[in-house]
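Student: Pasting a predicted model and its sequence here:
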Amino acid sequence: MTVALGSIGVALMGRSALPYRVGDAIPQPRIARVEFRRPNSLKTEELRQSRRAATPNFYEVNRALIGRIVAELEQFWSAFRAAETYDDFKAAASPDWPLSREDFERLKQVPVERADESFKTALEELSSELLSERIYDPKSRDERGQAAGLAPAARPPASAAVIVDEQGNESAPGDIADFTAMTRPMQVDGRAAALSQDFKFPIGGVQSVVKHVLASRLTAEPLLIHLQSLTFERIKLADETTPQQFDVFEKGKAFVVPRPDGGLTAVDIELWGVEEAAWQAFLASDQPGASEARTQQWLERLGLSVVLAALSVGLFAYVGVYQHRILEIRARTIAFGLLILGMVLVTRLLDIYAGIKELTLAPVLAAGSILTIAYSRRFAAGAMTIAGLMAVITARGDLALFASLALSVSVTVYMLNEIRTRTHIMTTGVLTAMILLVITWSFGFLAQPPQELKLVINRGWWAFAAAIASAMFVTAVLPYIERAFKIATALTLLEWRDPTRPLLQRLAREAPGTYNHSLVLGTMAEAACEAIGANGLLAQVGALYHDVGKILKPDYFAENQQSSINRHDHLAPSMSLLIIVGHVKDGVEMAKEYNLPRVLHQFIEEHHGTTLVKYFHHVASQKQPQIACGKHDRAVSEVEFRYPGPRPRSKETAVLMLCDGVEGAVRALSEPSAGRIESLVHQIVMDRLNDGQFDDCDITLKELHRVEESLVKSLVRFYHGRVKYPGGSKVRERSPPEEPQEGSPTASSSRLGTAEQPTSAAG
């Protein structure tokens, strides 16, 4: 349920990214689902520039300059009135005043009072005319806003000007082309001449002085002062108040069309995103038709949710049939659920933020690799078919994507049967990537028109990259995968098979007989497992460590006894039983101490199952008091003399149980011929089967028969007899003592155990 709800939540979150990039070709036009507008930054900028340019320059009259002009003319008149002769005037006056001797003499003839009054009146009129005169500095037109830090694009030359008076009143904008530029002396002289002619004074010589003063002053300093800060404020205001310009696209019309000579542009991608945002806004609005659109969207989400829920249920039903232990062990259930949810989540995130469907193959391939490593190829292939379909639906993929996914997962699952080298995962990833490249190109060429060749090729390379990325990820997290799923890969098993491992070295040093026995069992178990398709390497490594518990009390086990002294002779059967059975518990403790992989613990716990320690059960029964008829007073319960279990829960541990039983029994045979070995092996297999030791594992009778055949072949190779030489007894390659049971006496006392139940032999 958690996986189903999580998958639905992940699938419904966010919106898928556009599956195209700049330069990609599209097969058909994109039709607008709703009318929408797209901000046109180019048009907005053009309008902003025109509004900037239309903003006039602001000026104020240079009253200080007018005052200086008036003061200079008053100074001229005062010098004229003070001089008695022309020479006195020239001596006291500025040499720049161009007043001739004749004009001086004529001025002297004018009555003083009338001359003063006339000059004063003319000067006042000149001052008034200068207030309305328009002489400016052209630099102000081109450099406006520079002092305020405006960028050049924000200060285009103005074509209009506004005059601001002392009260802050603004005149109507005037064309600056009608103004006079102070940098043009000819124009300034013309204005000075016109103003001097309007100077109402009867003697013409004074007009020449007025013209001279005006021309010299107005060419040095503009009559209009540019108000740069006010101009900048008005430009900025025009900038800020420029309305946003939009392109309007009607509903039902194409807004992006295929281009025969090229793919999508950045503008097309942006437009696609704007249309999607407009559609989402329409769904959230109360506009006509929005309700129907929302209903359709909810129906689509409902369908998606139902499909994902059904697939989740189907996935866990498949798990319950083929890997029911996942559901029985809470930690494995959680790990499996997190793996599926993680795959779906990463797939969705790649679809939302990357928008490249082929990249969504990476998490699916990684999940398939992990399941193959953790369990089996058959289970991984079936589970990933369902989980892959969930990923494709989550990524809004198509049939081509699912087909590519299924084929690539099949290749990965087939190649990752065993990981015996660190490069095996990357080799598998490269091979899968090459196959994905060809598959993606093939589907692309099949479905897309020729002009989209570039798009098809790019998608193939993205699929190639996804396979490589998944292989690199699995390689990096392999140790964590083993820890999460409590498994050991072939690579890990090979490391633990190394005889230099401290635990194996200790076993060889302190219990050499047990160590040799484990080596023989490893060879036999590997061959038997491979005969039935089980994990031979796992069985071999498990056999090496299955009896490590004997390290603590090696002398109590027959294979390690160096003399005819048997430590059990002086112990009660119940005490001997505790020692013999205790090696299983001791072995588990040592496995934890040496950090043995959890998957190897089962070989220690299950290699005896719940079998009967028959020798010590027989001894205990013989020591019971006898009644008059010769029978024992009380029968000893078999339950008290059985191993605690559990019984084998995998084919590998079941095979090890058989190997352990038959190897000890065959060593106890005095004449191990092929016929006797075959008969003995069959008897032991049937005893274990009838005793219910295989009830908890899924090994079949057919597989038991193959295991039996393999064990007979291995034992014949190990313990075959030789012909008798003249004058001597029959010699065997190996002469193992007759030790049919762990800790049982050798020589004559062993015959009872061999005859009644040889399957508890050392091992």
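Tutor: The structure has been received and is ready for your questions. Here the structure is a predicted model, which means the values were calculated and not measured.
Student: Pull out the buried residues from stretch 87-105.
Tutor: By neighbour count on 16 or more other C-beta atoms under 10 Å, the buried set for stretch 87-105 is 89-90, 93, 97, 99, 103-104. The way it works is simple: take the backbone N, C-alpha and C, and place the C-beta from them, glycine included.
Student: average pLDDT for it?
Tutor: Across stretch 87-105, the average pLDDT comes to 74.
Student: from the chain's centre, how far out does it sit?
Tutor: On the basis of C-alpha atoms, centre = their mean, to the nearest Å, stretch 87-105 sits 95 Å off its chain's mean C-alpha point.
Student: Using CSV, list the CA coordinates for it.
Tutor: Presented in CSV, the C-alpha positions along stretch 87-105 are these (Å, rounded to 0.1, in the frame of the first residue of the first chain):
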residue,chain,number,x,y,z
ASP,A,87,40.3,110.0,-25.1
ASP,A,88,39.2,110.1,-21.5
PHE,A,89,36.5,107.5,-22.4
LYS,A,90,39.0,105.2,-24.1
ALA,A,91,41.4,105.5,-21.3
ALA,A,92,38.8,104.5,-18.7
ALA,A,93,36.7,102.2,-20.8
SER,A,94,37.2,98.6,-21.8
PRO,A,95,39.1,98.4,-25.0
ASP,A,96,36.5,95.9,-26.2
TRP,A,97,33.7,98.4,-26.4
PRO,A,98,33.6,99.4,-30.1
LEU,A,99,32.4,103.0,-29.8
SER,A,100,33.8,105.4,-32.4
ARG,A,101,34.8,109.0,-31.8
GLU,A,102,31.9,110.2,-34.0
ASP,A,103,29.4,108.2,-32.0
PHE,A,104,30.9,109.5,-28.8
GLU,A,105,30.5,113.0,-29.9
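Student: Contacts for it next, please.
Tutor: Residues outside stretch 87-105 that contact it (C-beta atoms under 8 Å, 6 or more residues apart in numbering): 75-76, 79-80, 82-83, 86, 203-206, 208-209, 212-213, 216.
Student: Could you say which helix or strand holds Gln602?
Tutor: Per DSSP states H and E, Gln602 falls inside helix 598-606.
Student: buried ones in that helix?
Tutor: 599-606.
Student: Now the buried members of the contacts of stretch 87-105.
Tutor: Neighbour counting by 16+ other C-beta under 10 Å classes 76, 79-80, 83, 86, 203, 205-206, 208-209, 212-213 among the contacts of stretch 87-105 as buried.
Student: ok, back up a step: go ahead and produce CSV holding the CA coordinates of the helix holding Gln602.
Tutor: Once non-C-alpha atoms are left out, helix 598-606 reads as follows in CSV (Å, rounded to 0.1, in the frame of the first residue of the first chain):
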residue,chain,number,x,y,z
ARG,A,598,25.0,-12.7,6.9
VAL,A,599,24.2,-15.0,4.0
LEU,A,600,27.0,-17.3,5.3
HIS,A,601,25.4,-17.6,8.7
GLN,A,602,22.7,-19.8,7.4
PHE,A,603,25.2,-22.5,6.5
ILE,A,604,26.4,-22.6,10.1
GLU,A,605,22.8,-22.7,11.5
GLU,A,606,21.2,-25.1,9.0
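Student: Next one: Glu559 from Gly664, what distance?
Tutor: 8 Å (C-beta to C-beta, to the nearest Å).
Student: quick one: low-confidence parts of the stretch 401-550 of the chain?
Tutor: Applying pLDDT under 70 to the stretch 401-550 of the chain picks out residues 447-452, 486.
Student: Between Glu559 and Gly664, which has more neighbouring residues?
Tutor: Gly664 (29 against 25; other C-beta atoms under 10 Å).
Student: Just the element for that one, please.
Tutor: According to DSSP H and E, Gly664 maps onto helix 651-667.
Student: Give me the mean pLDDT for that helix.
Tutor: Averaging pLDDT along helix 651-667 gives 91.
Student: just stretch 602-610 next, same as before
Tutor: Per-region confidence: stretch 602-610 scores 92 on mean pLDDT.
Student: again, but for stretch 28-45
Tutor: Rounded mean pLDDT across stretch 28-45 is 83.
Student: buried sites along that stretch?
Tutor: Quick answer for stretch 28-45 (16+ other C-beta under 10 Å): 30, 32, 34, 36, 38.
Student: what's the first-to-last distance across it?
Tutor: End-to-end distance of stretch 28-45: 32 Å, with C-alpha to C-alpha, to the nearest Å as the criterion.
Student: For stretch 397-410, list the C-alpha coordinates in PDB.
Tutor: Provided in PDB are the C-alpha atoms of stretch 397-410 (Å, rounded to 0.1, in the frame of the first residue of the first chain):
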ATOM      1  CA  GLY A 397       6.800   7.700 -21.800                       C
ATOM      2  CA  ASP A 398       5.600   5.800 -24.900                       C
ATOM      3  CA  LEU A 399       5.800   2.200 -26.200                       C
ATOM      4  CA  ALA A 400       9.200   2.800 -27.700                       C
ATOM      5  CA  LEU A 401      10.600   3.800 -24.300                       C
ATOM      6  CA  PHE A 402       9.100   0.700 -22.600                       C
ATOM      7  CA  ALA A 403      10.500  -1.500 -25.400                       C
ATOM      8  CA  SER A 404      13.900   0.000 -25.000                       C
ATOM      9  CA  LEU A 405      13.700  -0.400 -21.200                       C
ATOM     10  CA  ALA A 406      12.600  -4.000 -21.400                       C
ATOM     11  CA  LEU A 407      15.400  -5.000 -23.800                       C
ATOM     12  CA  SER A 408      18.100  -3.200 -21.800                       C
ATOM     13  CA  VAL A 409      16.900  -4.700 -18.500                       C
ATOM     14  CA  SER A 410      16.900  -8.100 -20.100                       C
END
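Student: got the buried residues for it?
Tutor: Residues 397, 400-402, 404-406, 408-410 are the ones in stretch 397-410 that count as buried (16+ other C-beta under 10 Å).
Student: Ok, stretch 586-599 next?
Tutor: For stretch 586-599, using 16+ other C-beta under 10 Å, the buried residues are 586-588, 590-591, 596-597, 599.
Student: can you check stretch 188-201 too?
Tutor: In stretch 188-201, counting by 16+ other C-beta under 10 Å, buried: 188-189, 191-193, 195-196, 199, 201.
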